[in-house]
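**Student:** pasting the sequence and the predicted coordinates here, then a few questions.
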Number of protein chains: 2
Amino acid sequence: MQALDYIQSNKDRFLEELIDLLKIPSVSADSKFKGDVRKAAEFIQKKLMDAGADSADIVETAGHPIVYGEKMLDEKLPTVLVYGHYDVQPADPYELWDSPPFEPVIKNERIYARGACDDKGQMYMHIKSFEALMSNNELPCNVKFMIEGEEEVGSDNLEAFVRENKEKLAADVILISDTGIIDNDNPSITVGLRGLSYVEVEVTGPNRDLHSGMYGGAVGNPINILCDMIAKLQNEKGEITIPGFYKDVEVLSDEQRAQMAKAPFNLDHYKKELDIDDVKGEEGYSTLERTGIRPTLDVNGIWGGYTGEGAKTVLPSKAYAKISMRLVPNQSSEEITKLFTDHFMSLAPASVKVKVTPHHGGEAAVVSTGSVGYKAAEQAMTDTWGKQPIPMREGGSIPIVALFQDVLKLDSILLGFGLDEDAIHSPNESYGLFNYYKGIETITMFYKHFAEMSR
Amino acid sequence: MQALDYIQSNKDRFLEELIDLLKIPSVSADSKFKGDVRKAAEFIQKKLMDAGADSADIVETAGHPIVYGEKMLDEKLPTVLVYGHYDVQPADPYELWDSPPFEPVIKNERIYARGACDDKGQMYMHIKSFEALMSNNELPCNVKFMIEGEEEVGSDNLEAFVRENKEKLAADVILISDTGIIDNDNPSITVGLRGLSYVEVEVTGPNRDLHSGMYGGAVGNPINILCDMIAKLQNEKGEITIPGFYKDVEVLSDEQRAQMAKAPFNLDHYKKELDIDDVKGEEGYSTLERTGIRPTLDVNGIWGGYTGEGAKTVLPSKAYAKISMRLVPNQSSEEITKLFTDHFMSLAPASVKVKVTPHHGGEAAVVSTGSVGYKAAEQAMTDTWGKQPIPMREGGSIPIVALFQDVLKLDSILLGFGLDEDAIHSPNESYGLFNYYKGIETITMFYKHFAEMSR
């Protein structure tokens, strides 16, 4: 394809344009950036038109605008609806950034800036792929772009837009790049998003830090008590003890489980790669089942008392933990958060006070690996990597995927190129140049295969 | 007493002298300060002579020297042996100090410097009290000073000195100011030092932080496992489950316990003051027994995973805790550390590796409240505070107290004036000017009462 050569010879400009976009501090959560959010929308609108869209509009909403553009070649051709977002997470704390978040720098073959990966970098790959295809008369499908400015604040106004524009948004598949791959040697495609319930718990004992020599043994120690409460959340079989936790969990048939068991998986290699002597999880399930079809509970962070060098004999006033539960289809994030909260509070002895604060949640979603969209994405990655991608269920939730399934009756193909080290939502967010260019190429190949396979 | 007026009119000079002493970085742990450690010893020697000692010698040891001085008035008078130390903890990390650790500053009626409280400030009170009594011909006892330079590194050479100089050190009581009071409104005297076994534990799961969405439920989470292991260290009755833990614990008679129960204690006030709805501890024991005669186990610090703002779904590679056990007389710190280590390791599932690092320990010691020394100290504090001091068992261990009981057969009176907020061993160590002057006065009154009560 000439489009691939075109990408090759326009690399530098593609990067410069992304840098220009990253310089716009389009933080949707903070009203003082309202003007910048609009500037980013206008930037996208212009680039869509420059690339050859029939139209590209800034659609007003009750909040930040949605950019909607399209290129309709022929009604008979399949249509791809691209979803992405041009807003970014707040960049605080600024002092933890090695370079200012809205002054992109290239270092170690990575571009550092807020939004470099999430989602400006990943979203902009789609516009550049579109440009490459258009410039070489190689676009084989109709394309619709729906790029919103409120993903980082809950996509509240997108839902209304989608519900009101079902016909306009009619398509054969939704393509989204807002997820990741295993690593640059192991391409993967996200096929399932487990739901999530994420809470922060605070256990308060005495009203101030005490000397453990004076009070230890007589005053409930919030760390010991927190550990005890956490330990009680799971039983010896690795089952979660929250009453009602499993009631909506889909029970797979033996046949379905046998099918899953055929997936290539080498436990010895898995253990060796993680340097562990044994895996650990719910009794009666394999490792792939434990991460794929069963809900789980993990403490993601814990802290309390003295954590510096050496020894201090404090009996602290407070102890904290961040606890998340991965949910499977049919489990409601909101309900699980409530069940957790009630149960956790009931585990507290009278000597402490407990506060549970829900962080955020999301419902589970599953993408079929049998769809044309999936097959096309798989083939595109195989082309560009020389290696078949691994279908992966991922933990991160993208709530709009459930919305698209519900309202538009469309599968989303989660063709993302991020890495864990991109540190999205964190200081020093970055995106690999390798991933940016590989993404543009892979998306380009996706259109080709999707058109061919749809015939 | 004229000595009290003398203290009052020499306050400024007493403080200036302490500042001079604090400027000497006598860090015993770091050989690059060897010369400074000696300078501090020479400073003490000179001040003892200036104050009126018969002699003050720098006694060489295999490590840093001991300053030994004395004033013998009359063999028939009682003799007080003062112990203290002129060496200090290392001051690192320097960057956490608001002002340089060896450039003392006065702020908010406190003197900030490494060693301000521990133990230069507290030790120097004795020399100034001695000066005040000598200058006014009011010293009513013989006094011996044994001021060492290796307390912060284990007092290794002091033990040899004590064993070799039993006769020279003969006295009626040992007086030490290296402990604290409850607060400036509530004077207290330390009458028991529980022993201590303090360990740091490290639980390692996978060799790197993982995404909990991808691995959660299948790979042992070191935080969950650490919580579980900590929870198992105590049973539902609040008893410590380490095999052999209680075997050397002294069992008090019903009579002894009845005696203890007579101590003034108001549980409602205790709970209200700490803002807790209930106390928590070993079944079958009262709050005073739990802190006084029973060994205990507390987690003093715990950390692992993501502890910043918001939500991150990490399954961390490691989790850590600092755990200490308070020991009662007859329990061996070293043996308990070993029992803990063996038991803790046995609690670990195969999915993690566990490391236990002993921090430091100390044996328990008890001071009788019926001795003349205690009564004199009690009366001295009552004089200067207008309030009777509370006898307290404290957690911090001073290993040499057990040594003095063993070799010299002498009780130590722990007449300390520090506060928790002094932050000894930490950056920004400080000592209240109130405590410094009150200490000098109280020590002065101690001599008077000790001489009178010894008649």
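**Tutor:** Cool, got the structure.
**Student:** hmm, A:A364 is touching A:V191, no?
**Tutor:** No: judged on CB atoms under 8 Å, A:A364 makes no contact with A:V191 at a distance of 12.0 Å. To be clear about C-beta, it is placed using only N, CA and C from the backbone, and glycine gets the same treatment.
**Student:** so what does whichever strand or helix holds A:L175 touch, helix or strand wise?
**Tutor:** Using DSSP states H and E, A:L175 maps to strand A:173-176. Packing contacts for strand A:173-176, counted by 3 or more CB pairs under 8 Å, 6 or more residues apart in numbering or on different chains; DSSP states H and E, involve strand A:79-85, helix A:372-385, strand A:412-414, helix A:433-454.
**Student:** in JSON lines, list these along with mean neighbour count, distance to chain B and mean pLDDT.
**Tutor:** JSON lines is the format used below for the helices and strands packed on strand A:173-176 (neighbours: other CB atoms under 10 Å in any protein chain shown; distance: least, CB to the nearest CB, whole Å; pLDDT from 0 to 100):
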{"stretch": "strand A:79-85", "mean neighbour count": "25", "distance to chain B": "18", "mean pLDDT": "98"}
{"stretch": "helix A:372-385", "mean neighbour count": "21", "distance to chain B": "18", "mean pLDDT": "97"}
{"stretch": "strand A:412-414", "mean neighbour count": "27", "distance to chain B": "13", "mean pLDDT": "95"}
{"stretch": "helix A:433-454", "mean neighbour count": "21", "distance to chain B": "17", "mean pLDDT": "98"}
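**Student:** so can I have CSV of the ones you listed showing distance to A:S55?
**Tutor:** Converted to CSV, those look like this (distance: least, CB to CB, whole Å):
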stretch, distance to A:S55
strand A:79-85, 15
helix A:372-385, 24
strand A:412-414, 23
helix A:433-454, 19
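**Student:** list the buried ones in stretch A:16-30?
**Tutor:** A:17-19, A:21-22, A:24-28 (16 or more other CB atoms under 10 Å in any protein chain shown).
**Student:** close to chain B, is that stretch?
**Tutor:** No: judged by CB under 8 Å from any CB of the partner chain, stretch A:16-30 stays clear of chain B, getting no closer than 11.5 Å.
**Student:** how's chain A carved up into domains?
**Tutor:** A:2-192+A:364-454, A:195-249+A:295-362 (automatic domain parsing).
**Student:** tabulate those domains (a markdown table), appending distance to A:G284.
**Tutor:** Compiled in a markdown table, the domains of chain A are given as follows (distance: least, CB to CB, whole Å):
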| stretch | distance to A:G284 |
| --- | --- |
| domain A:2-192+A:364-454 | 19 |
| domain A:195-249+A:295-362 | 8 |
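**Student:** of the ones you listed, which approaches B:A132 most closely?
**Tutor:** domain A:195-249+A:295-362 (31.8 Å; CB to CB).
**Student:** direction included, what does the worst-scoring helix or strand of chain A on mean pLDDT pair against?
**Tutor:** Ranked by mean pLDDT, DSSP states H and E, the weakest helix or strand in chain A is strand A:390-394, scoring a mean of 76. If you go by DSSP bridges, strand A:390-394 pairs up with strand A:188-193 (parallel).
**Student:** return the angle between stretch directions for the partner strand and helix A:372-385.
**Tutor:** Strand A:188-193 and helix A:372-385 are oriented at 150 degrees to each other (axes from the mean of the first three to the mean of the last three CA atoms, to 10 degrees).
**Student:** still on that earlier bit, nearest to B:N435 among the helices and strands packed on strand A:173-176 would be which one?
**Tutor:** Judging the helices and strands packed on strand A:173-176 by CB to CB, what sits closest to B:N435 is strand A:79-85, at 59.7 Å.
**Student:** what are the contacting residues of that closest one?
**Tutor:** A:72, A:119, A:122-123, A:126, A:141-152, A:169-178, A:400, A:404, A:408, A:410, A:412, A:447, A:450 (CB atoms under 8 Å, 6 or more residues apart in numbering or on different chains).
**Student:** report the secondary structure element holding the closest residue to chain B within the stretch 51-200 of chain A.
**Tutor:** At 4.7 Å from chain B, A:Y198 is the closest residue in the stretch 51-200 of chain A, using CB to the nearest CB. A:Y198 is part of strand A:195-204, with elements assigned from DSSP H and E.
**Student:** show me what that strand is packed up against.
**Tutor:** Packed next to strand A:195-204, using 3+ CB pairs under 8 Å, 6+ apart, are helix A:222-231, strand A:318-327, helix A:333-346, strand A:353-362.
**Student:** mean neighbour count for the ones you listed - can I get that in TSV?
**Tutor:** Shown next, in TSV, are the helices and strands packed on strand A:195-204 (neighbours: other CB atoms under 10 Å in any protein chain shown):
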stretch	mean neighbour count
helix A:222-231	26
strand A:318-327	25
helix A:333-346	18
strand A:353-362	17
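**Student:** hang on, the earlier thing: in CSV: the buried residues of stretch A:16-30, plus secondary structure and distance to B:I276.
**Tutor:** CSV is the format used below for the buried residues of stretch A:16-30 (DSSP: H, G, I helix; E, B strand; the rest coil; distance: CB to CB, whole Å):
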residue, secondary structure, distance to B:I276
A:E17, helix, 60
A:L18, helix, 55
A:I19, helix, 56
A:L21, helix, 54
A:L22, helix, 51
A:I24, coil, 52
A:P25, coil, 46
A:S26, coil, 48
A:V27, strand, 42
A:S28, coil, 43
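**Student:** out of these, who's nearest chain B?
**Tutor:** The closest of those to chain B turns out to be A:V27 (CB to the nearest CB; 14.7 Å).
**Student:** among the helices and strands packed on strand A:195-204, which gets the worst mean confidence?
**Tutor:** Note on those: lowest mean pLDDT is at strand A:353-362, with a mean of 89.
**Student:** got the CA coordinates for that strand in PDB?
**Tutor:** What follows is strand A:353-362, C-alpha atoms only, in PDB (Å, rounded to 0.1, in the frame of the first residue of the first chain):
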ATOM      1  CA  LYS A 353     -14.100   3.900  63.100                       C
ATOM      2  CA  VAL A 354     -14.100   2.900  59.400                       C
ATOM      3  CA  LYS A 355     -14.800   5.100  56.400                       C
ATOM      4  CA  VAL A 356     -15.200   3.600  52.900                       C
ATOM      5  CA  THR A 357     -14.900   6.000  50.000                       C
ATOM      6  CA  PRO A 358     -15.900   4.700  46.500                       C
ATOM      7  CA  HIS A 359     -13.400   5.900  43.900                       C
ATOM      8  CA  HIS A 360     -14.800   4.900  40.500                       C
ATOM      9  CA  GLY A 361     -16.300   2.000  38.900                       C
ATOM     10  CA  GLY A 362     -17.200   0.600  35.600                       C
END
